[in-house]
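K.L.:
quick one: sequence and predicted model below, then my questions.
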Amino acid sequence: MATILDGKAVSAQVKADVKREVEALAGRGVSVSLAVILVGDDPASHTYVRNKEKACAEAGIQSKTYRLPAGTTEQELLALVEALNADKAVNGILCQLPLPKGLNEAAVIAAVSPAKDVDAFHTANVGHIMLGDYAFLPCTPAGIVELLDRYRIDPAGKHCVVIGRSNIVGKPMAMLLLHRNATVTVCHSKTEDLAAYTRTADILVAAVGKPRFVTADMVKPGAVVIDVGMDRDENGKLCGDVDFAAVEPKAAYITPVPGGVGPMTIATLLKNTVTAAKLQNGMA
Ligand code: GUN
């Protein structure tokens, strides 16, 4: 029986800390605000953005969402980003990914001012993460490290295997674990004999995007299993990248889906938005 890593409960604690900080800033005349851009009608993205709006409201952060039609041109999107960059009342800017086909994600990420880039997607912030001197935390990886910290799971010296090499999760996850002195292996769709790697993982992070991809035979007994997936199975039911029912009895710790990594990602976004407000007001 594994201990469940309760991201919902831990994120509530983080949100309460953020709320106290937002109130303290308000007392010094600084309000904290986030602009969210959502293009098109991807249902999952709409859900994520609603969750982000709700979390901002709970923490006392002002948020405004710009919902744009799927047919928005790159020029229109970049013009909005530029306007938000220039607006002193906006501390953080987040453009929900993926963008509809035809819109260039790299161009939009590059257009966001690095000082307002609360996703930490801009090359300047990615570079800081690589070097370990960063102000903006990569939301999902940093949320995972915070969850490990709260359960006193120390990655130092451990073999951490990350499945997935995306810019949003896999690559920054590997980097943060390396900063915590883990021995890190990054696996991906071209990895030969994936299970040979995952079976040696003390901490296994699944960021694959395939429902119940990680099966019990791929997991070392007593491992810490972190599931980044938000997938739909063949019946349309929400599930993760890990076959939870089969893996849970074998693991020492495991994150549920939902209620594991997702809430921690949002908690980190709130922290980054406060950091942005502080930096822009000369307070950090
Ligand atoms: N799409 C999936 N995860 C994320 C995220 O953390 N930020 C943004 N902007 N888009 C995403």
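P.N.:
Cool, the structure landed. Not measured: the values here are computed from a predicted model.

K.L.:
just the buried residues of stretch 180-196, please?
P.N.:
Within stretch 180-196, the residues that qualify as buried are 180, 182, 184, 185, 186, 187, 191, 194, counting by 16 or more other CB atoms under 10 Å. Backbone N, C-alpha and C define where each C-beta goes, glycine included.

K.L.:
of all those, which comes closest to the ligand?
P.N.:
Comparing those against the ligand with CB to the nearest ligand atom picks out residue 186 as the nearest, at 18.3 Å.

K.L.:
redo the buried residues of stretch 180-196 as CSV? Include pLDDT and distance to residue 64.
P.N.:
Below are the buried residues of stretch 180-196 laid out as CSV (pLDDT from 0 to 100; distance: CB to CB, whole Å):
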residue, pLDDT, distance to residue 64
180, 98, 35
182, 99, 38
184, 99, 38
185, 99, 41
186, 99, 37
187, 99, 39
191, 98, 42
194, 98, 42
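
K.L.:
ok, and of the residues you listed, which contact the ligand?
P.N.:
With the criterion set as CB under 6 Å from any ligand atom, no member of the buried residues of stretch 180-196 is near the ligand.

K.L.:
how many residues are close by residue 65?
P.N.:
Residues lying near residue 65 (other CB atoms under 10 Å) number 18.

K.L.:
helix or strand for it, which one?
P.N.:
Under DSSP states H and E, the secondary-structure element containing residue 65 is strand 62-68.

K.L.:
same for that strand, what does it pack against?
P.N.:
Taking 3 or more CB pairs under 8 Å, 6 or more residues apart in numbering; DSSP states H and E as the contact definition, the neighbouring helices and strands of strand 62-68 are strand 33-39, helix 43-59, helix 74-86.

K.L.:
and among those, the most buried is which?
P.N.:
Stretch with highest mean neighbour count among the helices and strands packed on strand 62-68: strand 33-39 (a mean of 23; mean count of other CB atoms under 10 Å).

K.L.:
how about low-confidence regions in the chain?
P.N.:
Along the chain, segments meeting pLDDT under 70 are nowhere present.

K.L.:
how about it: which residue is closest to the ligand?
P.N.:
Each residue of the chain has a distance to the ligand, by CB to the nearest ligand atom, and the smallest belongs to residue 97, at 3.8 Å.
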